[in-house]
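Student: fold the stuff below for me.
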Amino acid sequence: MAEQEVDQAQDQEALRQEWIRTQFQKANKFLAEKGIMPNKVYADESRYLAPFVAIWKMDSKKPSKQTFWVMSGDLPADYVDVNVAATARDAIRHFSMMWQMKAENIQRSGLTKDPAQAQFAELLISRAEGLYKMQADDKIWGPAA
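Tutor: Predicted coordinates for the structure are as follows:
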């Protein structure tokens with residue numbers, strides 16, 4: 001029985017590592033589509049809450065070297081300048097608030113007459129609420145986060 005549990009744990013870790021690799025590729029592709037060429041990842045400051053969200057601290061290549069928080073996962077990919085948040089947890093809180101405001105702007109502007117925009121606003125609200133709950137959960141982050 002113990003051997004089976006070890007095998008299951010190894011399988012779960014392999015799936016987790018594959019998910020992390022996939023999210024890393026998604027984050028890189030997203031930045032590249034925005035005209036930002038990723039250069040370096042700060043793995044010690046990045047966080048992976050599989051299978052929901054990965055938050056990466058990444059540098060872009062020169063000449064306009066900048067550092068960003070980049071989010072990928074079961075939600076729309078997004079990024080912000082690292083100066084808006086000191087930690088991955090703070091960055092998730094920032095994305096949550098930013099997405100709530102984006103959704104509100106979509107709703108107030110009347111864009112929700114377009115079903116795709118209405119659906120996008122609802123997705124932003126749903127994911128923003130999930131992100132807020134995640135960042136508020138000390139069990140996820142521990143006392144030092």
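Student: and the residue nearest the centre of the chain, helix, strand or coil?
Tutor: With distances taken as C-alpha atoms, centre = their mean, the residue of the chain nearest its centroid is residue 71 (2.5 Å). Recorded secondary structure, residue 71: strand (DSSP: H, G, I helix; E, B strand; the rest coil).
Student: quick one: it from residue 13, how far?
Tutor: 23 Å (C-beta to C-beta, to the nearest Å). Backbone N, C-alpha and C define where each C-beta goes, glycine included.
Student: and what of residue 83?
Tutor: 34 Å.
Student: next one: residue 106
Tutor: 39 Å.
Student: of those two, which one has the most company?
Tutor: residue 106 (19 against 10; other C-beta atoms under 10 Å).
Student: per-residue confidence at residue 9?
Tutor: Note on residue 9: pLDDT of 81.
Student: can you get me a residue count around it?
Tutor: 10.
Student: report the contact partners of it.
Tutor: By C-beta atoms under 8 Å, 6 or more residues apart in numbering, no residues touch residue 9.
Student: centre of the chain to whichever strand or helix holds residue 13, how far?
Tutor: Using DSSP states H and E, residue 13 falls within helix 2-33. Its chain's C-alpha centre and that of helix 2-33 lie 15 Å apart, by C-alpha atoms, centre = their mean, to the nearest Å.
Student: for the closest residue to residue 75 other than its chain neighbours, what are its contacts?
Tutor: Among residues not flanking residue 75 along the chain, residue 127 sits closest, at 4.3 Å (C-beta to C-beta, 6 or more residues apart in numbering). Residues near residue 127 by C-beta under 8 Å, 6+ apart: 75, 76, 99.
Student: show me where the chain has strands.
Tutor: In the chain, the segments counted as strands under DSSP state E are 38-41, 47-49, 53-60, 67-73, 78-81.
Student: nearest to residue 137, out of those?
Tutor: Nearest of the strands of the chain to residue 137, taken as C-beta to C-beta: strand 47-49 at 9.8 Å.
Student: given that closest one, what are its sheet partners and their directions?
Tutor: Here strand 47-49 has these sheet partners by DSSP bridges: strand 53-60 (antiparallel).
Student: give me the residues contacting the partner strand.
Tutor: With contacts defined as C-beta under 8 Å, 6+ apart, strand 53-60 is touched by 20, 23-24, 27, 31, 36-42, 45-48, 65-75, 82, 88, 91-92, 131, 134.
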